[in-house]
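>>> Okay, here's the prediction I keep looking at, along with the sequence it came from:
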Protein chains: 2
Amino acid sequence: MLSREHYDEASRLQIFSGCRPETVAMLLEGAFLHKFPEGIDLAKEGELPDFLHVVVSGGVELYSRYRDRETTIEVIGPPNVFIAAAVVLDRPHLKSARVIQPARILMLPAASVRKALLEDAAFAARIAVELATAYRAATKDLKNQKLRTGLERLANWLTRRDSETGSTHRIVIPFDKKVLAAQLGMAPENLSRNFATLARFGVKVKGARIEIGDPVALENLAKPDPLIDDPSS
Amino acid sequence: MLSREHYDEASRLQIFSGCRPETVAMLLEGAFLHKFPEGIDLAKEGELPDFLHVVVSGGVELYSRYRDRETTIEVIGPPNVFIAAAVVLDRPHLKSARVIQPARILMLPAASVRKALLEDAAFAARIAVELATAYRAATKDLKNQKLRTGLERLANWLTRRDSETGSTHRIVIPFDKKVLAAQLGMAPENLSRNFATLARFGVKVKGARIEIGDPVALENLAKPDPLIDDPSS
DNA sequence: CGTGAGGTTGAGATCCTTCAACAGATGTGG
DNA sequence: CCACATCTGTTGAAGGATCTCAACCTCACG
């Protein structure tokens, strides 16, 4: 049960914009707004979803295992929703979710979400927008994986991250390098080697801090494509 | 404008089930139901979507280019919808679409779809289900790409295709091998070599016809995972 | 100071791509 | 009916990309 304060905060989230007040009330009825420390698992692949999760603050890593391998599918921050597809279809999670930066998470009961979907077109449309966005992000990642080499993916990650954080040409990797490696689809050792290769293009790495010495050279190598790299397209 | 006959056929499509008759009428108002021969491009990446497309029969390949490379993202048949995400968000296509088996396509005006989304919760919910399914398919493909080798992807494609077509242990590849290679994320030459490798596991290839001589051995190699390979999960 | 976790570097093996040549099937025009 | 062209797929050789295993390094922390 949410406090008055939390209720107000939650109801202002983008996911509820345009929805009927009754819909919001119903969704928040059995909702929780919890803080989670780093390392906690919020969902496990293969299990049925109990809640739709909204990241209010912090960071969450979505990852999957197969045989003895593991990969990161996505890292998400506020104000993003996750597990939406599993909730809508009432099917098992395809990905596990783990907190990688202390996070506040709003959890909406899955059954309420499915009910709201059929009762409030505005909410259904918002969920459709969320799903469409997530689908497009997955499509872009698929293109990134299939059409680029590891070095190109890294170069593009750097240019994109730089432009997202003010184009100061100074980046800080906000999580462990092995998470970045998995997200980019390469072994951690390979990430190191690719960083070493990028030194020739003016990229200096010191721990999690990265300086882009020659933005033009890097962008020339990366050859970013809006249909893969633009987060907003 | 649709004929009476086509109108009836179209209105029975799954995408309209549960929707209000007015919604269906509005959507079909400016709709087309066309036949397209093999090779025709139905959409081009980078362009804004004019129509939501529904495959009534035939096959459509969704593919993307980057630099001088090209890859197949997905091959879809009836009764699937495509370009839904671009239509919902009114953003450029991320993929091009090309007919690879003579197809009948129902085309719904994009503006009508977005209007219907806000007016009819049942339709919005159906679109959400379509998007959730497509998103999950993309997630599975991403896992397939990132967690498996080319040989494993091929082995799993064979076992999955076999079980989808009656488990007769005889498969026919329904399109060119180079399309299969691109879909599986490998060069055409590599597909040939991977087929040659699978001979050791009882797989016999003659043109587009494939015989699975030792299903157990193949499945043993493939190690299918419902969270990657089950089309219905 | 040891200890451990995260990261880097080196060496070898594997996976995969590219380029080139060739084979097989299909189709066309003479 | 044959010569030829074309398209698709196969095979070979070489090189590039990537992974694995192992050693080492660095730094924060008890």
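Alright, I've got the coordinates.

>>> Could you count how many residues lie near the closest residue to chain B within chain A?
Closest to chain B within chain A is A:Ala124: 3.4 Å, counting by CB to the nearest CB. Bear in mind the C-beta positions are built from the backbone N, C-alpha and C, glycine included. For A:Ala124, the count of nearby residues is 27 (other CB atoms under 10 Å in any protein chain shown).

>>> sec struct for it, please.
Three-state call for A:Ala124 (DSSP: H, G, I helix; E, B strand; the rest coil): helix.

>>> what's the closest non-adjacent residue to it?
The spatially closest residue to A:Ala124, leaving aside those adjacent along the chain, is B:Ala124, at 3.4 Å (CB to CB, 6 or more residues apart in numbering or on different chains).

>>> partners of the helix or strand containing A:Ile105, with directions?
Element membership for A:Ile105, per DSSP states H and E: strand A:96-109. Strand pairing for strand A:96-109, determined by DSSP bridges: strand A:32-36 (antiparallel), strand A:41-43 (antiparallel), strand A:51-66 (antiparallel).

>>> Keeping just the C-alphas, turn the first one into CSV.
As requested, C-alpha coordinates have been extracted for strand A:32-36 and formatted as CSV (Å, rounded to 0.1, in the frame of the first residue of the first chain):
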residue,chain,number,x,y,z
PHE,A,32,4.5,-1.2,-4.2
LEU,A,33,7.2,1.3,-4.3
HIS,A,34,10.4,-0.2,-3.0
LYS,A,35,14.0,0.5,-2.7
PHE,A,36,16.4,-2.2,-3.8
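
>>> which residues touch that strand?
By CB atoms under 8 Å, 6 or more residues apart in numbering or on different chains, the surrounding residues in contact with strand A:32-36 are A:2, A:6, A:9-10, A:42, A:51, A:56, A:58, A:99, A:102-107.

>>> In the strand holding A:Ile105, which residues are buried?
By 16 or more other CB atoms under 10 Å in any protein chain shown, the buried positions in strand A:96-109 come out as A:96-101, A:103-109.

>>> need the contact list for the residue nearest to A:Ala124.
A:117, A:121, A:124-125, A:127-128, B:116-118.

>>> Out of those residues, give me the one that has the most neighbours.
Highest neighbour count within the contacts of B:Ala124, by other CB under 10 Å: A:Ala128, with 30 neighbours.

>>> wait, isn't that one in contact with B:Ala128?
Yes: the criterion here is CB atoms under 8 Å, and A:Ala128 meets it with B:Ala128 at 4.7 Å.

>>> Which other helices and strands does whatever helix or strand A:Arg114 lives in contact?
Assigning secondary structure by DSSP H and E places A:Arg114 in helix A:110-119. Helices and strands touching helix A:110-119, by 3 or more CB pairs under 8 Å, 6 or more residues apart in numbering or on different chains; DSSP states H and E, are helix A:21-29, strand A:51-66, helix A:84-89, helix A:121-147, helix B:121-147.

>>> Now mean pLDDT and distance to DNA strand D too, for those, in JSON lines please.
Listed next are the helices and strands packed on helix A:110-119 as JSON lines, based on pLDDT from 0 to 100; distance: least, CB to the nearest atom of the strand, whole Å:
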{"stretch": "helix A:21-29", "mean pLDDT": "96", "distance to DNA strand D": "38"}
{"stretch": "strand A:51-66", "mean pLDDT": "96", "distance to DNA strand D": "12"}
{"stretch": "helix A:84-89", "mean pLDDT": "96", "distance to DNA strand D": "26"}
{"stretch": "helix A:121-147", "mean pLDDT": "96", "distance to DNA strand D": "9"}
{"stretch": "helix B:121-147", "mean pLDDT": "96", "distance to DNA strand D": "8"}
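
>>> Next, format these as a markdown table and append distance to DNA strand C.
Formatted as a markdown table, these follow (distance: least, CB to the nearest atom of the strand, whole Å):
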| stretch | distance to DNA strand C |
| --- | --- |
| helix A:21-29 | 36 |
| strand A:51-66 | 13 |
| helix A:84-89 | 27 |
| helix A:121-147 | 8 |
| helix B:121-147 | 9 |
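
>>> Could you chop chain A up by domain?
Domain segmentation of chain A under automatic domain parsing yields A:4-145, A:148-229.

>>> Just the endpoints, please. Distance across the shortest one?
Looking back up the chat, that one is domain A:148-229. Length of domain A:148-229, first residue to last, CA to CA, to the nearest Å: 12 Å.

>>> do the same with the first one
Terminal residues of domain A:4-145 lie 45 Å apart, using CA to CA.

>>> Report the distance from it to the chain centre.
How far domain A:4-145 lies from its chain's middle: 10 Å, per CA atoms, centre = their mean, to the nearest Å.

>>> For B:Val81, state which of the buried residues of strand A:96-109 is nearest.
Using CB to CB, A:Leu108 comes nearest to B:Val81 of the buried residues of strand A:96-109, at 26.6 Å.

>>> close enough to count as contact, that closest one and A:Ala31?
Yes: A:Leu108 lies in contact with A:Ala31 (CB under 8 Å); the separation is 5.1 Å.

>>> Would you point out which residue is most central in chain A?
For chain A, A:Ile76 is the residue whose C-alpha lies nearest the centre (CA atoms, centre = their mean; 2.3 Å).

>>> Dihedrals phi and psi, it?
Dihedral pair for A:Ile76: phi -120, psi 150, per degrees, to the nearest 10.

>>> Quick check: it touching A:Val56?
No: counting by CB under 8 Å, A:Ile76 does not reach A:Val56; the two are 11.9 Å apart.

>>> State the distance from A:Asp176 to A:Ala217.
Distance, A:Asp176 to A:Ala217, using CB to CB, to the nearest Å: 27 Å.

>>> neighbour count winner among those two?
Set A:Asp176 next to A:Ala217 and count neighbours by other CB under 10 Å: A:Ala217 wins out with 16 against 13.

>>> part of a helix, is that one?
Yes: the assignment for A:Ala217 by three-state DSSP puts it in a helix.

>>> okay, it: pLDDT?
Note for A:Ala217: predicted pLDDT of 95.

>>> For it, which non-adjacent residue is closest in space?
Using CB to CB, 6+ apart, the closest residue to A:Ala217 is A:Phe201 (4.6 Å).

>>> Tell me, how many residues neighbour A:Glu152?
Residues near A:Glu152, counting by other CB under 10 Å: 19.

>>> Revised request: answer the last question for A:Met186.
21.

>>> need the contact list for A:Leu184.
A:Leu184 touches A:150, A:153-154, A:157, A:191, counting by CB under 8 Å, 6+ apart.

>>> about what we covered before: pick the most deeply packed of the strands paired with strand A:96-109.
Comparing the strands paired with strand A:96-109 by mean neighbour count (mean count of other CB atoms under 10 Å in any protein chain shown), strand A:51-66 ranks first with a mean of 21.
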